[in-house]
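> Quick one: sequence and predicted model below, then my questions.
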Amino acid sequence: MHTIEEYQKLIQSAIEKELVHREPVELYEPIKYTLYMGGKRLRPMLTLLTCDIFDGDILQAIYPALGLETFHNFTLLHDDIMDNAPIRRGQQTVYKKWDANRAILSGDTMMVMAYDFILASPKDLLFEIFTVFNRVGKEVCEGQQYDMNFEKKNNVTLDEYLKMIHLKTAVLLGGSMQVGAIVARTSKNNTQLIYEFGESIGMAFQLRDDLLDAFGDEDIFGKKNGGDIRTNKKTFLYLKALELGSPKQQEELKQLFSIKDKQDDNKVERVLSIFQDLKIEEETKRLMDCYYDKGFKILKKIDLDQNKKHVLVKLAESLMKRTN
């Protein structure tokens, strides 16, 4: 087994190799900026880790992993335009640093590059990997559309929100692990179960993201504190507060989430105060625990020795406790 750092170095090395001497510079500079920005490299790392755990050749998994990473970053680049988000991972977003036209065109190119990387998969596995890639790619776009729909919908339910984050976040984490299992040529049962494990962890991962946006340290998290509140995003925290709040609190939350001024710090403070009064942080962590427990139950069914299962347990725990 390799370490997380070794997986990340393999991915970084592959990215740098693929982006050398690409022209026109104006097109590829935003792509380099986006991919070099780094982040946790979670999705490609999950692909390599899963392949390794099932005794596969991780060198065969690098390009499928790179395809998933490039696709993920492509979606972020376009999402930032749709969300008017100025900061990503503590740095200016592409459309802010350059302009929306270059961000759109560079994003389109990243999508094509993602397909090129997937095409470098082992030939006998190409159809299976492409099927997973296309399925999760479509589902991520469906999730983004639901997220956009919620901006204009006043009666979003908790179930609708959970469906949205399942599509927008969880399926890609599950799919990244599924691709690693396919490259390792493990059993169909293991491949399906590891997808479901990643899916469950992905749900908890997104809920943790929602929590960090509201209550995290801005310097560590790399985003402006209360970003979801400033943009009136109907996250689990907001919807749970509406469910638990008194009529007065419900009315105030709705009024606060009608304010369009993203620089209104008083709004953020007031919303966070209501969240704290209703113990929304604890409610969110409780649901996170449910998804982690579901993931661990699935893990028990996978045909792996205990030491390798422990690696996955430790990874899930680290994601649950992350601060950025």
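Nice, thanks for sending it over.
> could I get the helix or strand hosting Lys163 in PDB with only the CA atoms?
If you go by DSSP states H and E, Lys163 is part of helix 158-165. What follows is helix 158-165, C-alpha atoms only, in PDB (Å, rounded to 0.1, in the frame of the first residue of the first chain):
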ATOM      1  CA  LEU A 158     -34.800  18.400   3.200                       C
ATOM      2  CA  ASP A 159     -35.300  15.300   1.000                       C
ATOM      3  CA  GLU A 160     -34.900  17.400  -2.100                       C
ATOM      4  CA  TYR A 161     -31.700  18.900  -0.800                       C
ATOM      5  CA  LEU A 162     -30.300  15.500   0.100                       C
ATOM      6  CA  LYS A 163     -31.100  14.300  -3.400                       C
ATOM      7  CA  MET A 164     -29.300  17.300  -4.800                       C
ATOM      8  CA  ILE A 165     -26.100  16.800  -2.900                       C
END
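> same for that helix, what does it pack against?
Contacting helix 158-165 under the criterion 3 or more C-beta pairs under 8 Å, 6 or more residues apart in numbering; DSSP states H and E are the following elements: helix 126-152, helix 188-215, helix 236-244. Where you see a C-beta, it was placed from the backbone N, CA and C, and this is true even at glycine.
> Could you identify which of those is most buried?
Highest mean neighbour count among those (mean count of other C-beta atoms under 10 Å): helix 188-215, with a mean of 22.
> helices or strands next to that one in the packing?
helix 158-165, helix 171-184, helix 227-230, helix 236-244, helix 265-277, helix 280-301, helix 306-320.
> residues of the helix holding Lys163 that come out buried?
Tyr161, Leu162, Met164, Ile165 (16 or more other C-beta atoms under 10 Å).
> would a markdown table of the residues you listed with pLDDT be doable?
Supplementary listing: these in a markdown table, determined by pLDDT from 0 to 100:
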| residue | pLDDT |
| --- | --- |
| Tyr161 | 97 |
| Leu162 | 98 |
| Met164 | 98 |
| Ile165 | 97 |
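> can I get the helices and strands packed on helix 188-215 in JSON lines with distance to Gln255?
Shown next, in JSON lines, are the helices and strands packed on helix 188-215 (distance: least, C-beta to C-beta, whole Å):
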{"stretch": "helix 158-165", "distance to Gln255": "20"}
{"stretch": "helix 171-184", "distance to Gln255": "35"}
{"stretch": "helix 227-230", "distance to Gln255": "13"}
{"stretch": "helix 236-244", "distance to Gln255": "12"}
{"stretch": "helix 265-277", "distance to Gln255": "10"}
{"stretch": "helix 280-301", "distance to Gln255": "18"}
{"stretch": "helix 306-320", "distance to Gln255": "34"}
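> about what we covered before: can you lay out the buried residues of helix 158-165 as JSON lines showing distance to Leu237?
Below are the buried residues of helix 158-165 laid out as JSON lines (distance: C-beta to C-beta, whole Å):
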{"residue": "Tyr161", "distance to Leu237": "10"}
{"residue": "Leu162", "distance to Leu237": "13"}
{"residue": "Met164", "distance to Leu237": "14"}
{"residue": "Ile165", "distance to Leu237": "12"}
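> follow-up on the earlier one: please enumerate residues in contact with the helix holding Lys163?
Helix 158-165 has contacts (C-beta atoms under 8 Å, 6 or more residues apart in numbering) with 143, 146-147, 150, 203, 206-207, 234-236, 239-240, 243.
> repeat that with 6 Å
With C-beta atoms under 6 Å, 6 or more residues apart in numbering as the test, helix 158-165 has contacts from Gly143, Tyr146, Asp147, Gln206, Phe236, Leu239.
> Compute the number of surrounding residues for Asp55.
12 (other C-beta atoms under 10 Å).
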